[in-house]
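In: Sequence and predicted structure below; questions after.
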Amino acid sequence: MTEKGLQDVVAAETRISDIDGERGKLWYVGYDIEDLARDSNFEEVVYLLHHLELPTRDQLDELNEFLVSEREPSPFLVSLMPTLAQQTSPMSMLRTSVSAASAYDPDGWEHTPEANYRKAMRLVAKTPALIAMYHRMRTGQETVPPNPKLPHAANFLWMLLGEEPDPELADALDVSLVLYADHTMNASTFTARVIASTLSDMFSAITGAIAALKGPLHGGANEEAMKMLEEVADPARAEAYVKDKLARKERIMGFGHRVYRHVEDPRARILRELSRRIGERVGDLRWWEISRAIEEVVLREKGLYPNVDFYVASLYHCLGIPHDLMTPVFAMARMAGWTAHVREQYADNRIIRPDSEYIGPRDRTYVPIDERG
Ligand code: ACO
């Protein structure tokens, strides 16, 4: 019996993250996401996902030093960016840039665990600069060099917007990166692991993962959710808008989840509150209020809860992140999880090669082309 969409099929063993879809719980290496969102930060989570332990102060300092030293993209990528900024969408830019980054990685084609760890950390470190550089070039602004004094999330806002961010806004972005960093066998992580399982290289696996994340049923949903907030424009219009969409059998972006089917995504719970707090902070609660109104109608009419992508939309809008960069920012965070999964796959590999159930005709007789009616 084929399970369409591979629902409930266990495709790999992992020590990286775990979900209880019935209770609405998510853990990274055994640590509850709520504790990590409250007490940890993105860099520490990068360490955790890769080393399967929280770092000591010295270990975290060492990682931070490496990440900060690797923030600048290679001259090759810098030379490529003006064309990408003019010609491609943000996720296509990221996909192409990660693929192109392989040409200048100092570890080249070396495939040892140590080289793959360094490649992984370079990808984590450079992704914010790629997104920021792309945006500034396409809008005709000077690019902003990384600020070594700022942590990962704050440095991204600095490079993107060209001013040192309000610490509360930078912290909010950091929390969202923690929440986005990994999520078991989602479509993009599965893609990365399939590619890694052929013993293809880190850059190929991550390029594939970005391609999978791009779609609106996966990471692309945050940008689509923002479009919906703009279309609704007023909390009073949410009811009619949602009912109309459901009547036309259209999907409400940012709602529903393969794993959290009857409970709320624990990340959405944290993001709802964060989005409200940041909306208040920047004096613009409108997007949060529209989101709440939509959420109430979708739950009542369809029994669906928001997923991680829904409240990220209003949150990122208030952080000043352009709407079409919301999915690239998701990728920036998920880079931590993808690369950890690729390394885990390499460490205990067997090629991933599932089967298919043939449902076409059988035992047909070949008819030469001139005799076909
Ligand atoms: N809006 C309206 N109806 C929905 C939605 C939605 N967002 N999600 C599911 N449904 C309905 C389906 O139409 C279906 O209803 P039916 O039984 O009456 O036909 C039922 O719920 C089950 O849906 P499936 O497609 O079987 O659910 P599946 O597990 O395959 O899909 C998915 C999960 C892709 C997340 C889906 O809920 C969806 O399309 N959501 C909108 C896109 C989105 O927000 N994606 C981000 C997911 S989180 C992430 O990837 C980071």
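Out: In hand now; what should we look at?

In: From the ligand, how far off is residue 15?
Out: When distance is defined by C-beta to the nearest ligand atom, to the nearest Å, residue 15 is 21 Å away from the ligand. C-betas here are computed from N, CA, C, even on glycine.

In: and the helix or strand harbouring residue 344, how far from the chain's centre?
Out: For residue 344, the host element (DSSP states H and E) is helix 326-347. With C-alpha atoms, centre = their mean, to the nearest Å as the basis, helix 326-347 stands 8 Å off its chain's centre.

In: May I see the buried residues of it?
Out: 326-346 (16 or more other C-beta atoms under 10 Å).

In: By proximity to the ligand, which residue of the stretch 51-200 of the chain wins?
Out: residue 186 (5.9 Å; C-beta to the nearest ligand atom).

In: got the contact list for that residue?
Out: Counting by C-beta atoms under 8 Å, 6 or more residues apart in numbering, residue 186 touches residue 218.

In: repeat for residue 214
Out: Contacts of residue 214 were listed using C-beta under 8 Å, 6+ apart, and they are 91, 92, 95, 220, 327.

In: Apply 7 Å and report the result again.
Out: 91, 220, 327 (C-beta atoms under 7 Å, 6 or more residues apart in numbering).

In: For residue 224, give me phi and psi.
Out: Backbone torsions for residue 224, taken as degrees, to the nearest 10, come to phi -60, psi -40.

In: Neighbours of it, how many?
Out: Using other C-beta atoms under 10 Å, residue 224 has 19 other residues around it.

In: Pretty sure it sits against residue 217.
Out: No - if you go by C-beta atoms under 7 Å, residue 224 and residue 217 don't touch, sitting 9.6 Å apart.

In: circling back: could you list which of the contacts of residue 214 also contact the ligand?
Out: Among the contacts of residue 214, no residue lies close to the ligand (C-beta under 6 Å from any ligand atom).

In: Make CSV out of those and add pLDDT.
Out: Formatted as CSV, those follow (pLDDT from 0 to 100):
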residue, pLDDT
91, 98
220, 93
327, 97
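
In: Return the member of the residues you listed nearest to residue 245.
Out: residue 220 (17.2 Å; C-beta to C-beta).

In: what's around that closest one, how many residues?
Out: Counted with other C-beta under 10 Å, residue 220 comes out at 19.

In: For it, list the residues it contacts.
Out: Residue 220 neighbours (C-beta under 7 Å, 6+ apart): 214, 327.

In: what's around the residue lying closest to residue 15 once chain neighbours are set aside, how many residues?
Out: Spatially, and ignoring its direct neighbours in sequence, residue 15 is nearest to residue 52 (5.6 Å; C-beta to C-beta, 6 or more residues apart in numbering). Neighbours of residue 52 under the rule other C-beta under 10 Å: 14.

In: Looks like residue 52 contacts residue 28 (just checking).
Out: No - taking contacts as C-beta under 7 Å, residue 52 lies outside contact range of residue 28: 9.6 Å.

In: Common neighbours of these two, please.
Out: Between them, residue 52 and residue 28 share no contacting residue, judged by C-beta under 7 Å, 6+ apart.

In: and residue 354, how many residues sit next to it?
Out: If we define neighbours as other C-beta under 10 Å, then residue 354 has 8 of them.

In: Give the helix, strand or coil label for it.
Out: coil (DSSP: H, G, I helix; E, B strand; the rest coil).

In: Grab the nearest non-local neighbour of the closest residue to the ligand within the stretch 101-250 of the chain.
Out: In the stretch 101-250 of the chain, no residue comes nearer to the ligand than residue 221, which is 3.5 Å away by C-beta to the nearest ligand atom. Excluding the flanking residues, the one nearest residue 221 by C-beta to C-beta, 6+ apart is residue 309, at 4.1 Å.
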